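In: turn this into a model:
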Amino acid sequence: TVSPTYRLRLPSMEELRNQAGDKSTGLENDMDELTKKAQELEKATRDLNRRSAGESQQRSDRTGQGSSQGNPGDKQMDFGKSEQTRSLLDRQQQMMGQVDEMRERIEALDRAMEAAGLRDPELQKRLAEMRDLMEKMLAPELKKKLEELRQGVDKLDAEQVKKALEEMAKQQQEMREQLE
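Out: Got it, this is the predicted structure:
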C-alpha cells in the first residue's frame, strides 16, 4: 500500500504580516465599539445620579428638612432605584470583562507576532498603545468604586450610592476619553 502524500505549506512573512494587521484592525474596531458602550454607560450613570439627587431633594422637601431629626427613611433607597443601580453595576462589570478579554487578545497577538518573527514597528507600537490603554481601564481605582457602589446598594444607603455614582461617572468619563 502507498501512504497518502501531504504537502506542508508555511505562510510567507507577507501573509503573516497581513494576518496580524487584520487582527489588529479587528481589535481597533472592537475598541470603537467599547468606546460607544463606555459613552452609553457614562450617560446612564449620570442620568441615574441626577434622578437620585432629584428624588433625594424632593424627599427632603416633603419631610420639611426632616433629616436633622435623624429620620432613617431619608437615607434609604427605594427598591426600583436599587435595581436600576444593580443593572448599571452589572453593565459596568460586563464592560470591564470585555476590556480584560481585549487585553488578552492583544497579548496573544503580540506573542504570535513574536513567535512568527514579525518585527513590524508600526504594528507593535499600535499594540503597545492598546495594551497600555487596557491596563489603565482596568485600574484598581475603578474596581474600588464599583465595590463601594455595590456596598451602598446592598445597604440601600442612598447617600453612599449617590457619592459612588458621582465618582464612578468621573471614572467612566476618563475611561471614555482614553478610548477616544
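In: and the pLDDT at R105?
Out: If you check R105, the pLDDT there is 90.
In: neighbours of it, just the number please.
Out: Counted with other CB atoms under 10 Å, residues neighbouring R105 total 16. In this view, the C-beta of every residue, glycine as well, is placed from N, C-alpha and C.
In: got it, and K125?
Out: Neighbour count for K125, taken as other CB under 10 Å: 10.
In: quick check: it vs D132, distance?
Out: 11 Å (CB to CB, to the nearest Å).
In: now V2
Out: 56 Å.
In: if you count surrounding residues, which of the two has more?
Out: Neighbours were tallied for V2 and for D132 using other CB under 10 Å; the higher tally belongs to D132 (12 against 4).
In: element containing the more buried one?
Out: According to DSSP states H and E, D132 maps onto helix 121-137.
In: now the helix or strand following that helix: how far from the chain's centre is it?
Out: Helices and strands here follow DSSP H and E; after helix 121-137, the next one along the chain is helix 140-155. Computed by CA atoms, centre = their mean, to the nearest Å, the chain-centroid distance of helix 140-155 equals 14 Å.
In: residue contacts, L118?
Out: Going by CB atoms under 8 Å, 6 or more residues apart in numbering, L118 touches M13, L16, R17, A20.
In: average pLDDT for the helix holding D132?
Out: 84.
In: export it as PDB, just CAs?
Out: Coordinates of each C-alpha in helix 121-137 appear next as PDB, following Å, rounded to 0.1, in the frame of the first residue of the first chain:
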ATOM      1  CA  PRO A 121       7.500  48.500  14.400                       C
ATOM      2  CA  GLU A 122       4.300  50.300  13.500                       C
ATOM      3  CA  LEU A 123       2.100  47.400  14.400                       C
ATOM      4  CA  GLN A 124       4.000  46.800  17.600                       C
ATOM      5  CA  LYS A 125       3.500  50.400  18.500                       C
ATOM      6  CA  ARG A 126      -0.200  50.200  17.900                       C
ATOM      7  CA  LEU A 127      -0.400  47.100  20.100                       C
ATOM      8  CA  ALA A 128       1.600  48.700  22.900                       C
ATOM      9  CA  GLU A 129      -0.700  51.700  22.900                       C
ATOM     10  CA  MET A 130      -3.800  49.500  23.000                       C
ATOM     11  CA  ARG A 131      -2.200  47.300  25.800                       C
ATOM     12  CA  ASP A 132      -1.400  50.400  27.900                       C
ATOM     13  CA  LEU A 133      -5.000  51.700  27.400                       C
ATOM     14  CA  MET A 134      -6.500  48.400  28.500                       C
ATOM     15  CA  GLU A 135      -4.300  48.400  31.600                       C
ATOM     16  CA  LYS A 136      -5.400  51.900  32.500                       C
ATOM     17  CA  MET A 137      -9.000  50.900  32.000                       C
END
